[in-house]
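A.B. asks: Based on what follows, work out the 3D shape:
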Amino acid sequence: MDASLRRSVFASPFLLLLGLSLVGWVLAGCGNSERDPAEAPRSTADIQADTAERAAPLDEPFAVPANLSFETMSGERVAIGPSDGGVQIINFWATWCAPCLKEIPDLNELQSELGPHGLEVIGIANKQGLAEVRPFADEHGISYPVVADSTGEADKQLGPVYVLPTSLVVTSDDTVRYQIPGIFPADALEDELRALLGAPADTSAPTSPEQL
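C.D. replies: Predicted coordinates for the structure are as follows:
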């Protein structure tokens, strides 16, 4: 099925609901389906589940493969699985994906604010090479490590990834606790990330009238 036909198919409200059901099925622990990820919708621009549902932890967390690492654009290797007490956000994205562009500022801010407390955001440019990824990352000021995964090895090891963006939250016991399709819900998960990291609450957040 070519890209234009896929877009027209997923514009149908009925199949939109079907697509959302499939995403929920994958998140429930059936991610090892033999379905080819290339046949799935390429981006969540038209398929966006409720934020609260997407920000819920997995019913069945799973371990990341042991000794898994990837080379970043800077030539350094980054291990999948944070150090003791840390948390990783593994963000699968692509340069052509509009929702992926939208979430970059939030991921930059999370890295800046929570990096000193042990958060590590890692961008995985899914099935794209350096020639595409490096100028895009420079133009849009991505401040966290980026892997140009032209072979799709991360998808094979941690996926399959059915929609982009998709983010995994990995805790210090090398376990994926969240698997989030769509734009990363930074506001909904920041408090949970701080709790996992043992970081102080964000005192800069505006106070609601009820709290006065």
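A.B. asks: where along the chain do the helices fall?
C.D. replies: 3-10, 13-27, 51-54, 98-114, 130-139, 153-158, 186-197 (DSSP state H).
A.B. asks: Let me know the average pLDDT across the second one.
C.D. replies: This means helix 13-27. What helix 13-27 shows for mean pLDDT is 40.
A.B. asks: Same check on the first one?
C.D. replies: Here the mean pLDDT over helix 3-10 is 39, rounded to a whole number.
A.B. asks: what do you get for the fifth one?
C.D. replies: Taken as a whole, helix 130-139 carries a mean pLDDT of 97.
A.B. asks: what residues does that helix touch?
C.D. replies: 73, 95, 123, 125, 146, 148, 150 (C-beta atoms under 8 Å, 6 or more residues apart in numbering). Every residue, glycine included, has its C-beta placed from N, CA and C.
A.B. asks: So, low pLDDT: which residues of this protein?
C.D. replies: Scanning the chain for pLDDT under 70 picks out 1-52, 203-212.
A.B. asks: Just give me the residue closest to the centre of it.
C.D. replies: S167 (1.5 Å; C-alpha atoms, centre = their mean).
A.B. asks: so that one touches F92, yeah?
C.D. replies: Yes - distance between S167 and F92: 7.1 Å, which falls inside the contact criterion (C-beta atoms under 8 Å).
A.B. asks: Quick one: neighbours of I122, just the number.
C.D. replies: 25 (other C-beta atoms under 10 Å).
A.B. asks: correction: F62
C.D. replies: Counted with other C-beta under 10 Å, F62 comes out at 15.
A.B. asks: Looking at strand pairing, list the partners for it.
C.D. replies: Beta bridges link F62 to V176, judged by DSSP bridges.
A.B. asks: Pull up the gap between it and V87, please.
C.D. replies: Counting by C-beta to C-beta, to the nearest Å, the separation of F62 from V87 is 16 Å.
A.B. asks: Ok, K127 next?
C.D. replies: For K127, the distance to V87 (C-beta to C-beta) stands at 26 Å.
A.B. asks: Neighbour count: those two, which is higher?
C.D. replies: V87 (23 against 19).
A.B. asks: Just list the residues touching the more buried one, thanks.
C.D. replies: 118-120, 169-172, 193, 196-197.
A.B. asks: if I pick the residue nearest to the centre of the chain, what's in contact with it?
C.D. replies: Listed by C-beta under 8 Å, 6+ apart, the contact set of S167 reads 89-92, 178-180, 184.
A.B. asks: Among those, give me the pair with the biggest separation.
C.D. replies: F92 and Y178 (13.2 Å; C-beta to C-beta).
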